[in-house]
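Student: any chance you can model this:
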Amino acid sequence: QLVESGGGLVQAGGSLRLSCAASGRTFSAYTMGWFRQAPRKEREFVAAISWSGGSTYYADSVKGRFTISRDNAKNTVYLQLNSLKPEDTAVYYCVASAFTYSRESPLTPLDFGSWGQGTQVTVSS
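Tutor: Residues are numbered from 1 along each chain as shown. Here you go, the predicted structure:
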């Protein structure tokens, strides 16, 4: 089970930190990530992190502004959102996959077997 928190309303240029608490003893074995979905738009990949935290991947639209990290001792993955823009407004979903993410073989939404309920991020202009 994945439970997100940390969403909210923020002005453009502001920051938020999303957290995702995972239950289960095998958290450290999973690739973790974040997707988002804005109204009337398709769900899109935001970021992913390998089981060790040693590799991270970002969508071009958030690269340099968002940072994904994880704490396997706390079964938690984080997404730091900086320099937020109105176009970042969306519901953000925490996801987990038993597969390895790579630039050569990026995972699709179907590869992530576990999804959180989502947390709303709203950026005002």
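
Student: excluding chain neighbours, what is closest to the most centrally placed residue in the chain?
Tutor: Nearest to the mean C-alpha position of the chain, by C-alpha atoms, centre = their mean, lies Trp34 at 2.2 Å. Using C-beta to C-beta, 6 or more residues apart in numbering and skipping residues adjacent in sequence, the residue nearest Trp34 is Val46, 4.3 Å away. Glycine gets a C-beta too; all of them are placed from N, C-alpha and C.

Student: so the one you found, which state does it fall into?
Tutor: Under DSSP: H, G, I helix; E, B strand; the rest coil, Val46 falls in the strand class.

Student: please renumber the chain so that the first residue is 54 from this point on.
Tutor: Sure, I'll start numbering at 54, so the last one becomes Val99.

Student: rewinding a little: who touches the residue nearest to the centre of the chain in this structure?
Tutor: By C-beta atoms under 8 Å, 6 or more residues apart in numbering, the residues touching Trp87 are 71, 73, 99-101, 121, 130, 132, 145-148.

Student: do Thr109 as well
Tutor: 100-103, 120-121.

Student: hmm, back to that, inside strands: which ones of the contacts of Trp87?
Tutor: Residues of the contacts of Trp87 located in strands (DSSP state E): 71, 73, 99-101, 121, 130, 132, 145-148.

Student: can you add distance to Pro139, neighbour count and pLDDT and give these back as a markdown table?
Tutor: Formatted as a markdown table, the ones in strands among the contacts of Trp87 follow (distance: C-beta to C-beta, whole Å; neighbours: other C-beta atoms under 10 Å; pLDDT from 0 to 100):
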| residue | distance to Pro139 | neighbour count | pLDDT |
| --- | --- | --- | --- |
| Leu71 | 18 | 24 | 98 |
| Cys73 | 24 | 25 | 97 |
| Val99 | 16 | 24 | 97 |
| Ala100 | 19 | 23 | 97 |
| Ala101 | 24 | 25 | 96 |
| Ile121 | 22 | 21 | 98 |
| Val130 | 25 | 29 | 97 |
| Leu132 | 18 | 27 | 98 |
| Tyr145 | 15 | 23 | 98 |
| Tyr146 | 20 | 23 | 98 |
| Cys147 | 22 | 28 | 97 |
| Val148 | 24 | 24 | 96 |
